[in-house]
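# sharing a model that was predicted from the sequence below.
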Amino acid sequence: MRIARAVFFLSLMLLLTTSFMIGADKKKQNSSKSVATLNGYEPKWWKEAVVYQVYPRSFKDSNGDGIGDLPGITEKLDYIKGIGVNVIWLSPHFDSPNADNGYDIRDYRKVMKEFGTMEDFDALLKGVKQRGMRLVLDLVVNHTSDEHRWFVESRKSKDNPYRDYYIWRGAKDGHEPNNWTSFFSGSAWKLDPATNEYYLHLFAEKQPDLNWDNPKVRNEVYDLMKFWLDKGVDGFRMDVIPFISKKPGLPDLPPEYMNRPQYFYTQGPHLHEYLQEMNKHVLSKYDVMTVGEAFGVTLEGTPDLVDERRHELDMIFNFDVVRIGHPGRQWIGWKLPDLKAIYTQQDKALDVHSWNTIFMSNHDNPRVVSAFGDDSPEYRVPSAKLLATMLLTLKGTPFIYQGDELGMTNYPFKSLEDFDDIEIKNAWKELVETKKVTPEEFLAQANKVARDNSRTPIQWDDSANGGFTTSAKPWLAMNPNYREINAKQATGDPDSIYSYFRKMNDLRRSTKAFVYGEYKDLDPANQKVFAYTRTLGKEKYLVVLNFSKDEVSYTLPQGMKAGVLSLSNYSGKEENTGALKLKGWEARIYKM
Ligand code: NOJ
Ligand code: CA
């Protein structure tokens with residue numbers, strides 16, 4: 001009996017060791033072989049992924065209360081899968097009083113009651129996995145809600161054990177401790193009567209900043225990350241993560257940063273140390289992806305966050321592209337050569353050890369087709385397809401924001417009452433109520449740049465309220481164009497933007513050159529055409545995009561010939577000699 005057991009264990013050990021060795025060996029072979037063939041990049045699933053951002057409040061309401069929820073998302077997973085994406089980033093779904101739509105978290109281990117229960121979350125995660133997709137959560141840990149247990153304790157007294165979880169200071173000469181401003185208008189400090197001290201909030205008053213210099217705070221964050229990772233989620237998008245380390249002594253914003261404080265708030269000395277610690281304690285133990293929202297990080301500073309040899313984050317969101325038309329609160333427009341220049345700079349700034357993201361919209365920015373395309377009835381569809389072509393063929397992991405696959409547009413706001421967003425409401429108080437800006441000017445700008453443009457609910461069909469909800473009143477009004485622009489139409493139409501995204505994604509999935517291929521802008525100064533190649537070994541693709549409604553006769557530079565057409569956003573016969581005759585907003589991909 002004993003001998004039999006020993007033999008059994010011995011053979012088991014042998015089996016395990018050999019299979020482990022074979023596995024390790026295989027892995028080694030694979031990676032050295034692929035690195036050589038992937039332009040020096042180490043292959044990773046998240047480099048090859050296409051991410052779809054879900055803003056749960058506006059996705060699908062399953063119970064008729066006017067608010068999107070988790071069962072609503074689960075119900076629509078086949079729709080998401082149908083776009084051809086393989087990762088979902090879920091904007092915050094945690095318990096929150098919703099001062100900033102969930103970016104103010106009251107309990108990190110609970111589901112927001114409007115969105116459902118933990119069982120609903122588990123069902124969503126299961127549904128995502130069953131379809132071969134992955135789920136990434138939003139990690140919002142620069143700040144919490146003022147209703148979080150830690151802050152409720154912290155504000156009670158100066159000697160409360162949680163006092164040092166947040167950033168408290170006494171008045172300076174009868175004023176706020178420094179001149180820091182909040183992104184939601186006014187000072188970043190709020191005087192709390194209970195102890196007569198100020199607390200720091202870089203966002204709303206109801207979003208006090210955590211004190212990351214306190215190791216207890218960091219460990220709390222690592223624990224809550226493990227809580228979700230152990231459930232099987234596949235990573236995090238990290239909200240304003242470069243703000244977590246504050247400059248010692250909290251010095252005043254120098255005058256040159258007053259209009260761009262984000263570039264100052266990212267200069268804390270311990271940022272990299274904390275991220276490395278987080279990586280060591282948590283991230284390195286799981287096969288996950290991380291993407292930092294790096295508002296205020298320069299291109300030069302990017303490798304310090306994402307160089308794989310530093311063990312911090314996998315990727316960041318750089319805001320140069322998404323904010324090109326509105327670097328501040330004003331819409332100033334943008335020019336194609338400037339957009340192209342950013343992509344070239346990004347490509348040059350990152351070597352094979354760093355990885356980029358490609359995105360042109362999210363829940364904080366206007367609709368992609370309104371900001372970068374042409375949302376007129378004539379060109380909305382071709383321009384949205386052109387933008388999809390670009391998004392999915394530039395170098396970096398693409399992020400698609402919900403509704404962009406339908407070509408949803410900005411909303412025609414008419415008055416302050418049409419908005420929900422705290423940023424707009426506070427800006428109105430600061431600018432219009434003080435008569436610095438007229439209501440008309442304010443609304444004209446808000447129509448271009450307000451965050452609520454992209455937060456109107458998904459237009460599912462042409463029934464009342466676009467099939468988003470059975471309630472008479474969705475939390476934010478539907479864009480009135482839902483009768484023409486909706487998912488029911490789009491999923492049934494082979495020529496829709498939705499169907500085009502799927503075709504583009506199919507092409508991308510089968511073409512490593514679009515992931516790891518070398519990027520080259522062929523004609524940087526051209527005002528209307530964006531033409532670039534992606535090259536991986538013998539595989540070479542040419543992308544030609546006409547960023548205008550004009551017909552353009554385009555001759556490729558240096559006598560280059562176009563090759564075989566792989567995909568285009570227009571149907572019909574295509575000439576193959578001489579100049580390319582591009583229709584308004586035409587996009588073409590050629591295999592060379
Ligand atoms: C960035 C988020 O994307 C935005 O929606 C939020 O208001 C701020 N961070 C504060 O969390
Ligand atoms: Ca609901």
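Noted; the coordinates are in hand. Note that this is a predicted model, so its numbers are computed, not measured. Ligands and ions are numbered 1, 2, ... in the order given.

# and the residue of the stretch 451-592 of the chain found nearest ligand 1, how many neighbours?
Nearest residue of the stretch 451-592 of the chain to ligand 1: R451, at 6.9 Å (C-beta to the nearest ligand atom). Every residue, glycine included, has its C-beta placed from N, CA and C. Neighbourhood size, R451 [other C-beta atoms under 10 Å]: 19.

# pLDDT at it, what is it?
R451 is assigned 98 on the pLDDT scale.

# burial count for F295?
22.

# how about the one 5 residues further on?
By the other C-beta under 10 Å criterion, the neighbourhood of E300 contains 9 residues.

# so for it, what's the pLDDT?
Here the pLDDT value assigned to E300 is 96.

# thought the residue of the stretch 451-592 of the chain closest to ligand 1 was touching K425?
No: between R451 and K425 there is no contact under C-beta atoms under 8 Å: 11.3 Å.

# now do the shared contacts for these two.
With contacts defined as C-beta atoms under 8 Å, 6 or more residues apart in numbering, no residue is adjacent to both R451 and K425.

# now the element after the lowest-mean-pLDDT helix or strand in the chain, going C-ward?
Least confident helix or strand, the chain: helix 2-37 with a mean of 47, by mean pLDDT, DSSP states H and E. On the C-terminal side of helix 2-37, the closest following helix or strand by DSSP states H and E is helix 45-48.

# tell me the average confidence for the helix or strand following that following helix?
Going down the chain from helix 45-48, the next helix or strand is strand 51-54, by DSSP H and E. Mean per-residue pLDDT for strand 51-54: 99.

# and what of stretch 508-528?
Mean predicted confidence for stretch 508-528 is 98.

# tell me how far the ends of it are from each other?
Between the opening and closing residues of stretch 508-528 lies a distance of 25 Å (C-alpha to C-alpha, to the nearest Å).

# what's the answer for stretch 555-571, then?
21 Å.

# could you check how far the closest residue to S91 other than its chain neighbours is from R131?
Setting aside the residues directly before and after it, S91 is nearest to Y55 in space (C-beta to C-beta, 6 or more residues apart in numbering), at 4.7 Å. Using C-beta to C-beta, to the nearest Å, Y55 is found at 20 Å from R131.

# so the two - more neighbours on which side?
Taking neighbours as other C-beta under 10 Å, Y55 and R131 compare with Y55 leading, 23 against 14.

# who are the packing partners of whichever strand or helix holds T74?
Using DSSP H and E, the element containing T74 is helix 70-75. The elements that helix 70-75 packs onto, with contact taken as 3 or more C-beta pairs under 8 Å, 6 or more residues apart in numbering; DSSP states H and E, are helix 118-130.

# quick one: mean pLDDT for the helix it packs on?
On average, helix 118-130 scores 98.

# which residues touch it?
Counting by C-beta under 8 Å, 6+ apart, 69-71, 73-74, 77, 88, 93, 110-111, 134-135, 231-233 sit against helix 118-130.

# can we see that at 7 Å?
With contact meaning C-beta atoms under 7 Å, 6 or more residues apart in numbering, helix 118-130 is reached by 70-71, 73-74, 77, 88, 93, 111, 134-135, 231-233.

# show me which of those residues is closest to ligand 1.
Checking the contacts of helix 118-130 one by one against ligand 1 (C-beta to the nearest ligand atom), the nearest turns out to be H93, at 13.8 Å.

# tell me the contacts of that closest one?
The neighbours of H93, taking C-beta under 7 Å, 6+ apart as the test, are 56, 70, 102, 111-112, 115, 121.

# what does the model give it for pLDDT?
98.

# please apply the same query to the one 3 residues further on.
Per-residue pLDDT puts S96 at 98.

# ok, it touching D146?
No: with contact defined as C-beta atoms under 7 Å, S96 does not count as touching D146 (11.2 Å).

# just the contacts of H93 that are near ligand 1?
With C-beta under 6 Å from any ligand atom as the criterion, those include none near ligand 1.

# which of the residues you listed tops the neighbour count?
Counting neighbours by other C-beta under 10 Å, L70 comes out on top of the contacts of H93 with 28 neighbours.

# what's near enough to touch that one?
Shown in contact with L70 (C-beta under 7 Å, 6+ apart): 56, 93, 111, 115-116, 120-121, 124.

# any figure for the gap between it and ligand 2?
Distance of L70 to ligand 2, computed by C-beta to the ion, to the nearest Å: 9 Å.

# show me which positions of the one helix or strand W89 maps to end up buried.
W89 belongs to strand 87-90 when elements are defined using DSSP H and E. By 16 or more other C-beta atoms under 10 Å, the buried positions in strand 87-90 come out as 87-90.

# ok, these vs M289, which is closest?
Lowest distance from M289 to the buried residues of strand 87-90 (C-beta to C-beta) belongs to V87, with 7.4 Å.

# so which of S96 and D146 has more stuff around it?
Set side by side, S96 and D146 show more neighbours around S96, with 27 against 23, by other C-beta under 10 Å.

# which phi and psi does the more buried one have?
Per-residue torsions, S96: phi -160, psi 140 (degrees, to the nearest 10).

# quick one: contacts for K226?
Counting by C-beta under 7 Å, 6+ apart, K226 touches V282.

# where's it relative to ligand 2, distance?
Distance from K226 to ligand 2, by C-beta to the ion: 29 Å.

# for R508, same thing?
34 Å.

# just the closest residue of the chain to ligand 1, please.
Closest to ligand 1 within the chain is Y103: 3.4 Å, counting by C-beta to the nearest ligand atom.

# what's the closest non-adjacent residue to that residue?
V140 is the one closest to Y103 (C-beta to C-beta, 6+ apart), at 5.4 Å.

# got it, and R534?
Using C-beta to C-beta, 6+ apart, the closest residue to R534 is G517 (3.6 Å).

# repeat that for V369.
A384 (4.5 Å).

# what residues does the stretch 251-400 of the chain put near ligand 1?
Counting by C-beta under 6 Å from any ligand atom, the stretch 251-400 of the chain sits next to ligand 1 at 293, 363-364.

# out of those residues, who's nearest ligand 2?
Nearest to ligand 2, judged by C-beta to the ion, of these is H363 at 17.7 Å.

# ok, now which ones touch the closest one?
Applying C-beta under 7 Å, 6+ apart, we find H363 in contact with 55, 91, 451, 454-455.

# go on, T117?
V111.

# quick check: mean pLDDT of stretch 275-284?
98.

# CA atoms of it as CSV?
The C-alpha coordinates for stretch 275-284 follow below in CSV (Å, rounded to 0.1, in the frame of the first residue of the first chain):
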residue,chain,number,x,y,z
LEU,A,275,3.6,52.2,-8.5
GLN,A,276,6.5,49.9,-8.3
GLU,A,277,5.3,48.9,-4.8
MET,A,278,1.8,48.3,-6.2
ASN,A,279,3.3,46.2,-9.0
LYS,A,280,5.4,44.1,-6.6
HIS,A,281,2.6,43.5,-4.1
VAL,A,282,-0.3,43.0,-6.4
LEU,A,283,0.1,43.3,-10.2
SER,A,284,3.1,41.1,-10.7
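
# give me the contact list for that stretch.
With C-beta under 7 Å, 6+ apart as the test, stretch 275-284 has contacts from 218, 222, 225-226, 290, 311-313.

# stretch 549-565 now?
With contacts defined as C-beta under 7 Å, 6+ apart, stretch 549-565 is touched by 374, 379, 522-523, 528-529, 531, 542, 544, 546, 574, 579-585, 588, 590-592.

# pretty sure the residue nearest to R534 sits against T535.
Yes: counting by C-beta under 7 Å, G517 touches T535, with 5.1 Å between them.

# noted, bye for now.
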